[in-house]
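K.L.:
kindly return the folded structure for what I paste below:
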Amino acid sequence: MRTALLITVLSTATLAQQPLKRITVGPRADFQTMQQAIAHAPAEGAILRIAPGTYREKLHISTPNIHLVGTGKTPQDVVLSWNDSARSAGGTGKSGSVTVDADGFQAENLTIENTWEKENTRSEEGSQAVALLMSSDRAILDRVRLLAAQDTLYANSRTCHDALPKDGTAPPAGQPPCDASREYFRDCYIEGHVDYIFGDAKAVFDHTELHPIQNNNVMFTAQSRHFPEEDSGYFFLHTRITGQLKDAKIIFGRPWRDFSTVLFYDTEIEPTISPDGWSEWGGRLKTADYREYKSHGPGVNGGHRIVAYPALSPADEKRLTPATLLAGHDGWNPVAEADALRRLVSTR
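P.N.:
So this is what the prediction gives:
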């Protein structure tokens, strides 16, 4: 039994070290459409090298280790685009232009957009329109632009939901620990307004630009950590918040679930943040873990936040790195993988 197990482990390790097959996508490539290329990827994954252009397709990725690499000079040169909303698709979770529910997803040097709000009249209900819905552990987005309005990025987890009661009630006390899916965003640009980064992944946003678009209310996050034992949260490190809005209330986030967890560290803020900083949602603010450290810039508007949190100790500050936050039990190094992913843009 031990010999069989050892053979299985070694075979899996060997497979993981093998280079992924490379597939080209474009007018004169292996496949002309993105979904054709995804459908023909091997079970172990593939690198899809995408020629410049706009690919008007609704994409679903359920194969692990799919790596999307735009081969243009900038992320604007390769655009993955669709225009569903919660109303047209039958729910927010069905509205994504790109939906990923497999581990090891990576994207480099491209744009993912949902154009629904640009093409339709906004209403109070059903205007959620996701650009990227990602439930993927060890996921990386490097130099990716995510464009939509309400609910732009669904940074979600596929690992902890089985532990939740099916009737929607709160989990019982003493829920077993659960590691949420880990997701790393580096040098990205994310645009939207209401709850536009949401879900219960453990996600690090490293040197990422958040750009709110005009709306009466802007909430950057609606994180949804469900119970204290879930290792989940959003960590914004060295982020820039850009743009100027007229007569808008701008906040860092509001708690979609009871134990919503968000941290902003070393944030450059241009538009004026509401002095509250955060807002209530269903009485959950009292159990949320919201923190903000070392914000700077003309829009900070500090000193009046409605949440209290401890001072940042030197030891805690040293732990605010992507490698430390996302290492997990397997010692994952997202920065090294992001560096390797970036090199794929210029190699054939």
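K.L.:
give the buried residues for the host helix or strand of Gln35.
P.N.:
Counting by DSSP states H and E, the element that carries Gln35 is helix 34-39. Counting neighbours by 16 or more other C-beta atoms under 10 Å, one finds that the buried residues in helix 34-39 are 34, 37-38. C-beta: built from backbone N, CA, C; applies to glycine.
K.L.:
just stretch 104-118 next, same as before
P.N.:
Buried positions in stretch 104-118, judged by neighbour count with 16+ other C-beta under 10 Å: 104-117.
K.L.:
circling back: what is the nearest of the buried residues of helix 34-39 to Arg143?
P.N.:
Met34 (18.3 Å; C-beta to C-beta).
K.L.:
local confidence estimate at the closest one?
P.N.:
For Met34, the pLDDT comes out at 98.
K.L.:
isn't it up against Thr54?
P.N.:
No - between Met34 and Thr54 there is no contact, the gap being 10.8 Å when judged by C-beta atoms under 8 Å.
K.L.:
where does pLDDT dip in this structure?
P.N.:
Counting by pLDDT under 70, the low-confidence segments of the chain come to 1-17, 162-163, 166-172, 348.
K.L.:
could you rerun that using 50?
P.N.:
1-16 (pLDDT under 50).
K.L.:
do a quick rundown of the helices in it.
P.N.:
Chain-ordered helices for the chain, with DSSP state H as the definition, fall at 2-17, 34-39, 86-89, 116-119, 314-318, 322-326, 334-343.
K.L.:
just the C-alpha atoms of the fifth one, please, in CSV.
P.N.:
Spelled out, that is helix 314-318. These are the backbone C-alpha positions of helix 314-318, laid out as CSV (Å, rounded to 0.1, in the frame of the first residue of the first chain):
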residue,chain,number,x,y,z
PRO,A,314,6.8,45.8,13.5
ALA,A,315,6.3,42.0,13.5
ASP,A,316,2.9,42.2,11.9
GLU,A,317,4.2,44.6,9.3
LYS,A,318,7.0,42.2,8.2
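K.L.:
what residues does stretch 185-193 touch?
P.N.:
Among residues not part of stretch 185-193, those counted as contacts by C-beta atoms under 8 Å, 6 or more residues apart in numbering are 75, 140-153, 196-197, 203-215, 217-219, 322, 334-335, 338.
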